[in-house]
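**Q** sequence and computational prediction follow.
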Amino acid sequence: MRKSSERHFRTICFQRIVCMMLAGTFVYGSTSAQDMVYAVNKRMATDGYSQSNKKTLRQVLTELEKRYKIKFAYSDRLVSNQYLNGNIAHFHSLDETLKAILPPLGLQYKVVKEFYVIQPRKKESNKDDQEVEFPSGRGADTAAGQTGFTQPTSFEVTTYELNAPPVVITGKVISKNENLPLSGVVVTIKGSKMAVTTDINGNYKITIPDNDAVLIYSHVGFVSQEVLPAGRKTIDVQLEVVVQSLTDVVITVPYGKQTKASYTGAAVTVGEEQIAARPRASVQESLQGNVAGLQTMSGSGQPGSSPNVRIRGIGSYSSANSPLYVVDGIPIIDGVVTTLAFSSNTLAGLNPNDIESVTVLKDASATSVYGSRAANGVILITTKSGAAGKTKINALAQFGVTNITSTKRNKPLSTAEMTELLTEGVLNNTALGITTREDALQYLQTQGLKQDINTDWNDVILQPGKYSQFNVSASGGNDKTTFYTSLGYYKQDAVTKGQGFERMNGRIRVNNKVSNRLSFNGGIGINHQKLNTIGAAGLGQNPVRSLYRLVPWTRPYNEDGSYNRLITYNPELLRNENVYETKIYHLLGNIGAEFKIIDPLSFESKANIDLNYSDDFRFWSPLWQDGAGVNGRGANYTSTFVNWNVVNLLKFRKEVAGIGIDLTLGQEAQKSTIKRVSTQADNYITGASTPMANASTPFIAWSTFVESALISYFLNTSFNYDEKYYLNITGRRDGSSRFGDAYKFGNFGSIGIAWNIHREKFMEGLHFINELKLRSSYGINGNQGSDWYGADGYYSAGANYGGDPGYILGQIQNDKLGWERNKPFDVGIDFEVLNHRLSGTVDYFTRTTTDLLMNMPISPTNGPSSINSNVGSFRNYGVELTLNSRNIVPNSKNGLEWSTSFNISTVKNRILKLSDDRIITSYYYREPGGDMYTFYLRGYAGVDPQTGEALWYRNDAKEETVTNYNSASPYKHGSALAKFFGGITNTFKYHNISLSFLVYCNWGGQIYDGWGSFTQSDASAGVSDYGAISRMVYQNRWQQPGDNAIYPKMVYRGTQSGLSNQQSTRFLYDGSYIRLRDVTLSYNIPVKKVLTRAQVYVRGNNLVTWVKDDLLPYDPEVYVDGLLDQNLPTAKQILFGVNLSF
Amino acid sequence: MRSINIFHGGLLVLTLTMGACSKSFIDYTNPQTLPLDGTIKDLKSLTNAANGVYNNFQNVDYYNRTFTLSPELISDNVFVSRRNSNRYLNHDNFSIGNGDGYVLGAWSAMYDVVVNANLAIAHGEAVNFIPGEEQGARQVIGEMYAARALALFDLVRFFAQPYNFTADASHAGVPVITEPKNEIIAPPRETVKVVYDQIVSDLQKSLTLMTAVKKDGRFTVIAAKALLAKVYLYMEKWAEAEQLATEVIDNTTFKLLTNAQYVASWSAKFSGESLFEVANLSTDNSGSDGIGYFYEPGGYGDALATQDLYDTYTSTDVRRELIQAGTRTNAENPAYLVRKYPRGVSTRDDNIKVLRLSEVFLIRAEARAEQGKTNTAKNAGAQADLNTIIQRADPTADPVTLTGDDLVNRIILERRKELAFEGNRLFDINRKKMDLVLIQSDQTRTFTYPNNRFIMPIPFSEVNTNPNIEQNPAWK
């Protein structure tokens, strides 16, 4: 066989070289003790330097293994008879040491996964014999591929000196779950230092001394396996993934990476398996249910919309309540960058398929390095980068369909059902003097009721939306340069016709190692989002508003096929004739350099730019009333957000007498600007398309510009002793342009400690505990609030009159306005027990915000009716529990496997202090002792069973009820904030099939329907086009004396109940729900050639929702404020997908 | 060495950013704003400040809609069609709550006028104008006094019972603020008397400063005198009202429109009898929120005139042409469509006529008729003024020869007809101590005088932030 003969030839050549090198053994000694570099010193050796310090290379390597907690792999032959002089305590780092001692011995090393593999040094003399070249990397793979020869990715050795006849064993190592070949698996013989590694296809070949030798297969992230060959010549092995091991998990931390074991903060990393290939435009949505302490609330089902993300509760009163998003080290602008598409989201531009991991930093240790911007936690997003080796290509395609989640409860009433209600209403309105149903019906017909028309607005407005996603990426590289590049396309229709989201992305990331001291990295991501958002919430154009309110006896088209223009906001006309288009162009780029100045000092510099350009276009057709008077109107709004940021870091890393020291001195500057331009033009050429070139009358021209900047200096220090005890201290000084002169700068900092208890001697006997770590942190962060010019008092321009410019008092000065301070405290335990079968984290946290920034309401007699103030303080506190369990561990290759991950969190909010006794804004009552989202409403007391009239409590004593709404006083009710929330994911695998599903639960918050008084109008709206009544009222209304009804009697154009301003607890619901969120059934098609992986799957999102409150007509998922706001309901999706890897 | 050069490059970045870290790097002011101090420094900047004050009159909850519409809805003149866009239903059905957004909007916009006028007056009076600008500056400052007076007059009419509700006008009025404050204020309500005294004082002051007689869209001597006449009328200071009205009528700059000019004047701006109107441009952005859009059948068309009002006009009355008898599709038939704001759908820039010469005739007629109850010599003049307005609209109409209460009532009816849809009806009913006949699409209800609900609630937002303010009884 050609393959084996070549292999044999190689082995012989190898032997020859080794012998050649051994012939020239050198002796090395150290230079003086002051010289920190343990350099090769040939002069001393030839001078006959004392050999009293002489150690064998093997001894030295063993010492290094101990010191640096690493493993070497080498052939005995390579290290025997190699001697060194000196004391390795003088070495600066492992890297320096090895570079100092190995080359003169004709050796070099290479890191293969967790092993430092010692191998003969590449020699120029081998140039004439290409076949003999030692594979020092994957650069040789291409040639190997061409010859069809499977070349090991690392070296192999044989030990001919052994007595017993050697046995050659070959085989393939694959991953147990995915059946993918594993490259770089180190195969060693127990008790020996001999090692080989598997090649790109997972193949290996090893020569063992005898059949009693035990082979050990180890690979980072996988459970090591020992195999007794027992006479076999071919041994195929499946390695099992290690489920979250503290020591191995590398997490992204501010300005770097470190292992979780060494980290003093509370952080959760979500891998790509929870993020990629989901039918959700933005990564934030996929965090829901996967991270303890993090709430994602998508108040709108608009694809690509911006959800509320809160880490450990609400940190601030002002809108600056979102965490800081850092993409590859770039703090980016999140949220809305458009003028009209209120729900747009810059993060929806980031392709989740490009994300390698998302790390959520929750506490002070985690966040204080980002100081001023991290008060609400930090979400670090790391995009994929390439690895040296064969270029990998991944492709993904998905197709699916989107539907509304709940339709039964709010299915619009038919004309017959509405007629039933209105007839009752006429009879109940004694002032009309109508006593029979026939007369009532006749009266209603004179008022405009048309019994022969029955429009189901569900059919007109809703649709099963289409969904598709395609993605292709390529990554690879060589020793010097690695790259990752991708292209993606995503399209999702909303559940309402005419609305949707589309995205295109391109991304490239390159890392280059110039030399051992200098490396560069850079990346650029470009994306384009296109949204169609007709309008939301209270806007008349909002199709959801029309869905809930339009009566069934109106219809979108007249009999002749023309639009029915009597409906003010005819949804068909709006979506067909008007244009509601938003485009967002986003560029995120960074370039960075790392330079090792002189060990242990290194310098890093990074410059980033985050550009957002949005372009909203609206067109009001002459067919629609807003465009009719002006013969069509076009409106174009553009916004340009430029956000740049520069970071310089000076890093110091050293270990002295068992104490590891890690210092980072940093400086950062950030500047953000926003420019907005708005133009409108009227009077279009009939039938022309919508660009304003087709209009004749310029109408509005307008632009604004704002800017904000931040400068920061910080020092991050970490110490550890023996990797058991960790201490992290950070300090930071930030200056923000958003505050008054005396209050611009703020000092922030944190302290964190961690104790890896399982490393203690006294734990050695407790074998069931694999990992145990205790940690705690406290710190102070700042929040600069959302108002860019919050402290100034000023006149606002734009208050023009008669075409002349004018200004009015815009804001009242508060030069004492200063930083809001957020003080997080955390204590937590990370553990892993029962042979890694169960792991978890428990955290208790408090988060106190002082100097709360708030746009505090003041008497409108001041002019402006609010002022930016630091109004008080509040605290969030709670407990988080995360558990990961492998319930069934398979005992054979295709056996059943079952794992569960579970998290649950509680968050409570309590106001500590307020500058006023209480602050009441919109529906909320805030006072010390209460929470920030306590509802303040009149109490609805149900229905008088005899009269059918609505009742309200006079006050919170609830002793007296009144029938006059205005005689009732509002009082406090429950909070909008959930008591707890969490998710549980179960994953089953059997053969090539796997099934996983996530159940999400949000429990205990109240939600309020501010529009309820419109949809539950009790016939007070009469026959008005927008007077549709909710199905809940139809089912639960009072009809005759003695009825214990939930809702009052219908009174045609009545005023006792049902008026549009009668806000009360009638519309307050329990928002608790449980949702079957993410279900995936997948099948790995066994593939051999070309493809390395082929997976097909069916995935469902939000498939089933269980709502606690029987009266709640809508989907319960709302924003943090607990308001149902006629937004697009959350959608459910079912999709089919294919993933291919080459 | 290459790597060293690159290292220098890194240092360069460092240096650049350090340079950026000077204080100026974090020191910005909002380019869309101007500082409160030092901005008003000459006639031009003072005029800009005055523009801001006038701009507040354009608020959709002030003259551009709510304050012009609501006093008509809460009366026998206008109602909301049963096919409607859900606006002002609680005004139409007499069930306004203290959280009503329209009422809050009106309260806030009116105080915005007061606060901004105070700034313009205080800063304007502190400037030493160059001689060429003195005259102009006095005029503008005078306008600001008049603007403040109008806002206070509107506040006290909307949120407090009329002057004659108590014998000495000692009942609750509204907060009076006359100068900029350096602190957050929470002022109490003054008595109605104090408020009216301030209004009169402001108008008298404005008359000492202003010299302009005609200045479109802005206060003039004539406009201020007309307003003062109206204020005196509400205070029942009949002689003073008559005196001021006479001064306005005797001025030759403004003349009553002819019968032929009348209807067309409603689609035009700044007619010959318009003494003060709020000027609107298409770009002033009331758009579909403007009053015209609310009345015009091509817009929302929600507000319809009552048949009761329509029937008060004779068929030969030119004013009836401003009400079009037609139908509201799928709703009222017949429907009386209001065409007094005819630009509401097309250019959406109807000016709001706040003071017209015809009202001044009716003010003088009423002032004379009231005096005529004790001094019969005044009756002829009252009848003459009334007949001027009646016969201008309908030349075939018989002259009125009534006296006493009958004459006064006839004048109030003529006010209803002449000033319909201009935001006066509720106030006339209340100050004349009449019962309120509330006409809606499908029902008519009568509310007797005195009535706590003839005035608006102090908005919840004010009560919530101002511990010193007292709520009106109906919302306590």
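**A** Everything's here; your move. Remember, predicted model here, so these are calculated numbers, not experimental data. Numbering: from 1, shown residues only, chains lettered A, B, ... in the order given.

**Q** now residue 301: phi and psi?
**A** Using chain A. Note on A:G301: its backbone torsions stand at phi -90, psi 10 [degrees, to the nearest 10].

**Q** can I assume it is in contact with A:Q1126?
**A** No - applying Cβ atoms under 8 Å as the test, A:G301 and A:Q1126 come out as separate, 11.6 Å apart. Heads up, the C-betas are built off the backbone N, CA and C, glycines and all.

**Q** and B:V463, what does it touch?
**A** B:98, B:469, B:471 (Cβ atoms under 8 Å, 6 or more residues apart in numbering or on different chains).

**Q** that should have said A:A292, apologies.
**A** A:268, A:841, A:843, A:880-882, A:903-905, A:982.

**Q** by neighbour count, which of those wins?
**A** The most neighbours of any of the contacts of A:A292, using other Cβ atoms under 10 Å in any protein chain shown, belong to A:E880, which has 26 neighbours.

**Q** confidence score at A:G24?
**A** Here the pLDDT value assigned to A:G24 is 33.

**Q** about what we covered before: save the contacts of A:A292 as CSV, and put in pLDDT, distance to chain B and secondary structure too.
**A** Shown next, in CSV, are the contacts of A:A292 (pLDDT from 0 to 100; distance: Cβ to the nearest Cβ, whole Å; DSSP: H, G, I helix; E, B strand; the rest coil):
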residue, pLDDT, distance to chain B, secondary structure
A:V268, 82, 32, strand
A:T841, 94, 38, strand
A:D843, 95, 35, strand
A:E880, 95, 36, strand
A:L881, 96, 41, strand
A:T882, 94, 39, strand
A:N903, 94, 40, strand
A:I904, 96, 38, strand
A:S905, 95, 34, strand
A:G982, 94, 37, strand
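
**Q** for chain A, what's the nearest residue on the stretch 151-300 of chain B?
**A** Per Cβ to the nearest Cβ, B:A279 is where the stretch 151-300 of chain B lies closest to chain A, at 4.5 Å.

**Q** can you get me a residue count around that residue?
**A** So B:A279, with other Cβ under 10 Å, has 21 neighbours.

**Q** check A:G627 too.
**A** Other residues close to A:G627 by other Cβ under 10 Å number 20.

**Q** show me what contacts the residue of chain A found nearest chain B?
**A** Proximity of chain A to chain B (Cβ to the nearest Cβ) peaks at A:G806, 2.8 Å away. By Cβ under 8 Å, 6+ apart, the contact set of A:G806 is A:797-800, B:48-55.

**Q** can you give me the helices in the stretch 501-650 of chain A?
**A** Ranges of helices in the stretch 501-650 of chain A, per DSSP state H, counting those that start in this stretch, are A:543-549, A:571-577, A:625-628.

**Q** out of these, deepest packed?
**A** helix A:543-549 (a mean of 26; mean count of other Cβ atoms under 10 Å in any protein chain shown).

**Q** tell me the helices and strands packed up against that helix.
**A** For helix A:543-549, the packing partners by 3 or more Cβ pairs under 8 Å, 6 or more residues apart in numbering or on different chains; DSSP states H and E come out as helix A:457-461, helix A:571-577, helix A:1012-1015.

**Q** can I get those in TSV with distance to chain B and mean pLDDT?
**A** Shown next, in TSV, are the helices and strands packed on helix A:543-549 (distance: least, Cβ to the nearest Cβ, whole Å; pLDDT from 0 to 100):
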stretch	distance to chain B	mean pLDDT
helix A:457-461	17	94
helix A:571-577	14	93
helix A:1012-1015	7	92
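
**Q** related to what we said a few turns ago, okay if I get the helices of the stretch 501-650 of chain A as CSV plus distance to B:V80?
**A** As requested, those are arranged in CSV below (distance: least, Cβ to Cβ, whole Å):
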stretch, distance to B:V80
helix A:543-549, 16
helix A:571-577, 23
helix A:625-628, 18
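
**Q** you'd agree B:L426 is in a strand?
**A** No - going by DSSP: H, G, I helix; E, B strand; the rest coil, the assignment for B:L426 is helix, not a strand.

**Q** helix or strand for the nearest residue to it once chain neighbours are set aside, which one?
**A** Using Cβ to Cβ, 6 or more residues apart in numbering or on different chains and skipping residues adjacent in sequence, the residue nearest B:L426 is B:P71, 3.7 Å away. Taking DSSP states H and E as the criterion, the element that holds B:P71 is helix B:66-73.

**Q** A:K773 reaches A:N756, doesn't it?
**A** Yes - in this structure, A:K773 is within contact of A:N756 by Cβ under 8 Å, at 5.2 Å.

**Q** next, name the residue at the spatial heart of chain B.
**A** Centroid-nearest residue in chain B: B:Y63, 4.7 Å away (criterion: Cα atoms, centre = their mean).

**Q** so that residue, which state does it fall into?
**A** Going by three-state DSSP: B:Y63 is coil.

**Q** let me know whether it touches B:K353 as I believe.
**A** No - contact criterion Cβ under 8 Å: B:Y63 and B:K353 do not qualify, at 9.4 Å.

**Q** which pLDDT value goes with the spatially most central residue of chain A?
**A** Nearest to the mean C-alpha position of chain A, by Cα atoms, centre = their mean, lies A:Q284 at 4.1 Å. Note on A:Q284: pLDDT of 82.

**Q** who's in contact with it?
**A** A:Q284 touches A:296, A:306-307, A:309, A:345, A:347, A:379, counting by Cβ under 8 Å, 6+ apart.

**Q** what's the answer for B:F276, then?
**A** B:218-220, B:223, B:226-227, B:354-355.

**Q** ok, 7 Å please
**A** By Cβ atoms under 7 Å, 6 or more residues apart in numbering or on different chains, the contact set of B:F276 is B:219, B:223, B:354-355.

**Q** how about those in TSV, adding neighbour count?
**A** Output for those, formatted as TSV (neighbours: other Cβ atoms under 10 Å in any protein chain shown):
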residue	neighbour count
B:F219	30
B:A223	28
B:V354	24
B:L355	25
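
**Q** what's the mean pLDDT across stretch A:1035-1045?
**A** Rounded mean pLDDT across stretch A:1035-1045 is 95.

**Q** gap between the closest residue to A:D944 other than its chain neighbours and A:A1045?
**A** In space, and not counting its chain neighbours, A:D944 is closest to A:L951: 5.7 Å by Cβ to Cβ, 6+ apart. The gap separating A:L951 from A:A1045 is 11 Å, by Cβ to Cβ, to the nearest Å.

**Q** okay, and the common contacts of the two?
**A** Joint contacts of A:L951 and A:A1045 (Cβ under 7 Å, 6+ apart) are A:V943.

**Q** how about the strands in the stretch 451-600 of chain A?
**A** A:465-477, A:481-493, A:500-513, A:518-532, A:579-598 (DSSP state E, counting those that start in this stretch).

**Q** quick one: residues contacting B:N86.
**A** Taking Cβ under 7 Å, 6+ apart, one finds A:1014, A:1026, A:1060 in contact with B:N86.

**Q** can you tell me the SS state at the last one?
**A** The one in question is A:S1060. Applying three-state DSSP: A:S1060 is coil.

**Q** okay, now A:N471: neighbour count?
**A** Quick note: A:N471 (other Cβ under 10 Å) scores 22 neighbours.

**Q** so what's the spatially closest residue to A:T1065 that is not a sequence neighbour bridging to?
**A** Nearest residue to A:T1065, sequence neighbours excluded (Cβ to Cβ, 6+ apart): A:Y940, at 4.6 Å. On the basis of DSSP bridges, A:Y940 is bridged to A:W952.

**Q** check what pLDDT the residue of chain A closest to chain B gets.
**A** pLDDT, A:G806: 96.

**Q** next one, pLDDT for the nearest residue to it once chain neighbours are set aside please.
**A** Leaving aside its sequence neighbours, A:G806 sits nearest to B:N51 (Cβ to Cβ, 6+ apart; 2.8 Å). Note on B:N51: pLDDT of 97.
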